[in-house]
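Visitor: Sequence first, then the predicted structure, then my questions.
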Amino acid sequence: MQLRWVRFLEGATVRFGTLEGERVRLWHGDMFEYPQRGDRTVPLADVRLLTPVQPSKVIALWNNFKALGEKLNLAAPEEPLYLIKTPNSYLEPGGTIRHPGTGKVVYEGELGIVIGKRCKQVSEDEAMAHVFGYTCANDVTVADILNRDASFAQWSRAKGFDTFCPFGPAVATGLDPARLTVRTLLDGVVRQDYPISDMRFSVAQLVSLISQDMTLLPGDILLCGTSVGVGSMKPGCTVEVEIAGIGRLTNRLQ
């Protein structure tokens, strides 16, 4: 069943529900374990969207798309290459990305896989039963920090600044990820437009292989990596990551 799940603030109360056009239907209980559909809906315009889930960790893939790997002359990895985005970097839809003051800040529009069931050392065949749905994400990076020190690539620092991991606006269930396309717009101009089918590792492979290393918990997100079209942002720019069936994530850099 295709639903778009959101978390939101209604007055001073945090709630969750599903999008129905320009309204939100309230649900009760737990989003991942037997949620109960409510009778009440509220106008979307009357609530403030939060991050749709609260991950214990966000794992971001590197060199997972053939087109970008070939452009950068990168060899195909034998296993997923990844880093962890820290919780201080999480940012809600519409939130402001804060420029750290120096450095070249770049956008990376990505598909996020949202885990819905505790996942430890699962097989590829079992993996999809642990996936709740999919979201839009922007893996923001200070590019020139990465290799500033020749002795140590600073992935965590470059990608871990406050507000550097916007995701949302919803988590969509019932989608076939292989049919999805990621579009990233900078000030209304399309800069990225690439198919998820170009991934080196499929969703099932990513979930299975990463779960061999660490336990994945409900709400955790695997960012699938990005493809060609990554570029820099300047203060005042608006970046949007759009995936049909999920929605459009919009954030401004200040």
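Guide: Nice, thanks for sending it over.

Visitor: can we go C-alpha only for contacts and neighbour counts from here?
Guide: Will do.

Visitor: W62: what's it in contact with?
Guide: Contact partners of W62, counting by C-alpha atoms under 8 Å, 6 or more residues apart in numbering, are P80, L81, Y82, L83, G225, T226.

Visitor: cutoff 10 Å now
Guide: Going by C-alpha atoms under 10 Å, 6 or more residues apart in numbering, W62 touches G69, P77, P80, L81, Y82, L83, L223, C224, G225, T226, S227.

Visitor: so the third one makes contact with S211?
Guide: I take that to be P80. No - counting by C-alpha atoms under 10 Å, P80 stays clear of S211, with 11.3 Å between them.

Visitor: Give me the common contacts of the two.
Guide: By C-alpha under 10 Å, 6+ apart, the residues touching both P80 and S211 are Q205.

Visitor: out of the contacts of W62, which are buried?
Guide: For those, a neighbour count by 16 or more other C-alpha atoms under 10 Å gives the buried set as G69, P80, Y82, L223, C224, G225, T226, S227.

Visitor: so where does the first one fall, helix or strand?
Guide: Spelled out, that is G69. helix 66-71 (DSSP states H and E).

Visitor: by contact count, what packs against that helix?
Guide: The contact analysis (3 or more C-alpha pairs under 10 Å, 6 or more residues apart in numbering; DSSP states H and E) places helix 66-71 against no helix or strand.

Visitor: In that helix, which residues are buried?
Guide: Buried residues in helix 66-71, counted by 16+ other C-alpha under 10 Å: K66, A67, L68, G69.

Visitor: List the contacts of that helix.
Guide: Helix 66-71 has contacts (C-alpha under 10 Å, 6+ apart) with 62-63, 72-77, 194, 197-201, 225-230.

Visitor: W5 contacts G174, doesn't it?
Guide: No - contact criterion C-alpha under 10 Å: W5 and G174 do not qualify, at 11.5 Å.

Visitor: which neighbours do these two share?
Guide: Counting by C-alpha under 10 Å, 6+ apart, the common neighbours of W5 and G174 are G133, Y134.

Visitor: Compare those two (neighbour count), which wins?
Guide: Per other C-alpha atoms under 10 Å, whichever of W5 and G174 has more neighbours is W5, with 27 against 13.

Visitor: which of the buried ones among the contacts of W62 sit farthest apart?
Guide: Distances among the buried ones among the contacts of W62 were taken as C-alpha to C-alpha; the most separated pair is G69 and L223, at 16.4 Å.

Visitor: how about R157, phi and psi?
Guide: Dihedral angles of R157 (phi, psi; degrees, to the nearest 10) stand at phi -70, psi -50.

Visitor: count of residues packed around it?
Guide: With other C-alpha under 10 Å as criterion, R157 counts 14.

Visitor: Who are the contact partners of it?
Guide: K85, T86, T141, V142, I145, L146.

Visitor: which one of those sits closest to G11?
Guide: Nearest to G11 among those, with distances taken as C-alpha to C-alpha, is T86, at 28.1 Å.

Visitor: Tell me how many other residues crowd the closest one.
Guide: Quick note: T86 (other C-alpha under 10 Å) scores 21 neighbours.

Visitor: likewise V14?
Guide: Neighbour count for V14, taken as other C-alpha under 10 Å: 13.

Visitor: among the contacts of R157, which are in strands?
Guide: Judged by DSSP state E, the subset of the contacts of R157 located in strands is K85, T141, V142.
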